[in-house]
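Participant: turn this into a structure:
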Amino acid sequence: MPAKSYIKYKNKLIRNIFQEMKSIYFIILPLILIMASCSSKDPLEHVLTSDSPSIKRVMQNYNNYEVQIVYTQINRSHNNEVNFTDFEFNVNDSIYFYPASSVKFPVAIMALEKLKKLQEKGIEINRQASFKTKNDTLYTSIEEAITQIFVVSDNQAYNRLFEFLGQDDINKNLKSKNIMGRISHRLSTFHAHNLKTQSIIFKKNIEDSIPLYQQSSIQNSPFPKLSLRKQLKGKGYIYNDTLIEHPKDFSEKNYLPLRSLHSAMKRIHFPELFTESERFNITDDDRKLVLKVMNTLPYEAGYDKKEYYDSYGKFFMFGDRKEDIPKHIKIFNKVGYAYGYLTDCAYIKDTKNDIEFILSATIHVNKNGIYNDNNYEYDEIGIPFLAELGRKIYDLEKERKK
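Facilitator: Have a look, this model is predicted:
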């Protein structure tokens with residue numbers, strides 16, 4: 001073959017090979033991208049696109065249910081150092097949801113912080129000392145109030161600690177720790193928004209005539225209304241047995257976004273991962289108490305098991321069931337539910353299968369758009385969704401390589 005013809009033949013052959021390779025490349029590349037996409041799929045996306053009826057019916061209209069979710073994978077190195085991998089779904093701090101009893105979580109810890117400060121000033125009171133607010137008919141203790149808050153979400157226990165702290169100190173404390181939120185009122189009481197706290201008296205023994213410590217009433221500063229999205233809710237509400245046909249205004253209610261709750265759960269379990277100013281300033285013994293009561297089941301604290309079954313305050317994984325929670329599954333959490341809102345924030349640990357993760361979520365179930373009518377779809381939609389969400393995340397964790 002002549003040299004010129006050979007060169008033309010060679011160049012043509014090279015071009016054909018190149019075109020073939022190019023075609024193959026554009027066939028394979030999408031497959032590679034799909035495979036990469038599948039392998040790096042957000043675990044929350046994986047869970048929330050499941051065929052589970054409890055999840056599917058909510059996710060078909062998740063914005064109407066105001067769903068927000070934060071999930072943290074916990075990874076430990078060979079020397080047990082912890083690092084987090086966070087995932088979020090539909091989370092927005094500027095969109096209001098009612099936190100209900102979840103605000104009791106930081107308030108309980110703040111009561112222990114204040115107790116520590118008083119002790120450092122030489123005031124000889126501890127968390128077992130009996131105390132009574134001015135309008136109370138009985139004595140209790142800081143420890144008993146905290147136990148009631150986490151085990152059965154007692155409103156009066158929260159209100160007593162609220163009187164001990166006052167709104168100004170509560171919110172100053174939140175701000176100092178870079179925890180977004182505003183806690184402005186008591187729960188389920190006629191004087192919920194009173195800016196003046198009740199005086200308090202502490203005694204070593206109830207019979208003692210001389211108190212250990214007396215705290216005068218505190219005059220707190222007024223709060224500006226919140227300026228957030230979706231503060232006006234629904235189409236009406238019941239007030240004094242009368243239907244008011246206007247959206248309910250939540251601008252003066254408590255505000256504690258999901259990221260703040262989730263962050264508080266991280267701080268109480270893993271304080272070493274936060275700066276000193278961001279940690280809860282409590283003693284090691286007080287921290288052990290908080291962790292203990294967060295995981296305590298009602299019957300373990302003396303409550304009737306028929307009325308206060310294991311999952312009474314545990315929405316994730318077991319909320320839609322009334323059987324006993326297995327001993328090897330520990331749920332350290334705080335729930336909140338009111339006005340159709342259901343919220344849970346939990347650190348979940350399975351000691352048998354070496355599983356641990358943090359999960360926080362909120363959902364709103366109020367189909368008729370009327371508040372205070374006690375007609376909310378808690379049992380039909382809200383709790384089944386949260387329970388199944390917890391189970392799906394648990395299953396994912398069980399298979400996850402660490």
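Participant: from here on, just use CA atoms for contacts and neighbour counts.
Facilitator: OK.
Participant: report the mean confidence score over the helix or strand harbouring residue 132.
Facilitator: Assigned by DSSP states H and E, residue 132 falls within strand 130-133. Here strand 130-133 scores 98 as its mean pLDDT.
Participant: which helices and strands sit right next to that strand?
Facilitator: Applying 3 or more Cα pairs under 8 Å, 6 or more residues apart in numbering; DSSP states H and E, we find strand 130-133 packed against strand 140-141, strand 200-203.
Participant: could you dump the ones you listed into TSV with mean neighbour count and mean pLDDT added?
Facilitator: As requested, those are exported to TSV (neighbours: other Cα atoms under 10 Å; pLDDT from 0 to 100):
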stretch	mean neighbour count	mean pLDDT
strand 140-141	20	98
strand 200-203	20	98
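Participant: adding distance to residue 50 as columns, could you present those in JSON lines?
Facilitator: Shown next, in JSON lines, are the helices and strands packed on strand 130-133 (distance: least, Cα to Cα, whole Å):
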{"stretch": "strand 140-141", "distance to residue 50": "46"}
{"stretch": "strand 200-203", "distance to residue 50": "52"}
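Participant: out of those, which gets nearest to residue 77?
Facilitator: For residue 77, the closest of the helices and strands packed on strand 130-133 is strand 140-141, at 40.4 Å, according to Cα to Cα.
Participant: distance from the chain centre to that closest one, please.
Facilitator: Put simply, strand 140-141 sits 26 Å off its chain's centre (Cα atoms, centre = their mean, to the nearest Å).
Participant: contact partners of the one helix or strand residue 357 maps to?
Facilitator: Per DSSP H and E: residue 357 is located in strand 355-364. Contact with strand 355-364 is made by 64-74, 258, 261-262, 265-266, 340-350, 382, 386, 390, 394, 397-398, as judged by Cα atoms under 8 Å, 6 or more residues apart in numbering.
Participant: what do you get for stretch 386-402?
Facilitator: For stretch 386-402, using Cα under 8 Å, 6+ apart, the contacting residues are 43-44, 47-48, 52, 54-55, 75-76, 315-320, 353, 355-357, 359, 361.
Participant: cross those residues against strands and list the overlap.
Facilitator: Among the contacts of stretch 386-402, DSSP state E puts 75-76, 355-357, 359, 361 in strands.
Participant: in those, find the pair that's most separated.
Facilitator: 76 and 361 (24.0 Å).
Participant: please identify which of those two sits among more neighbours.
Facilitator: Between residue 76 and residue 361, counting by other Cα atoms under 10 Å, residue 361 is the more crowded of the two (26 against 11).
Participant: who does that one bridge with?
Facilitator: residue 69, residue 344 (DSSP bridges).
Participant: all set now, cheers.
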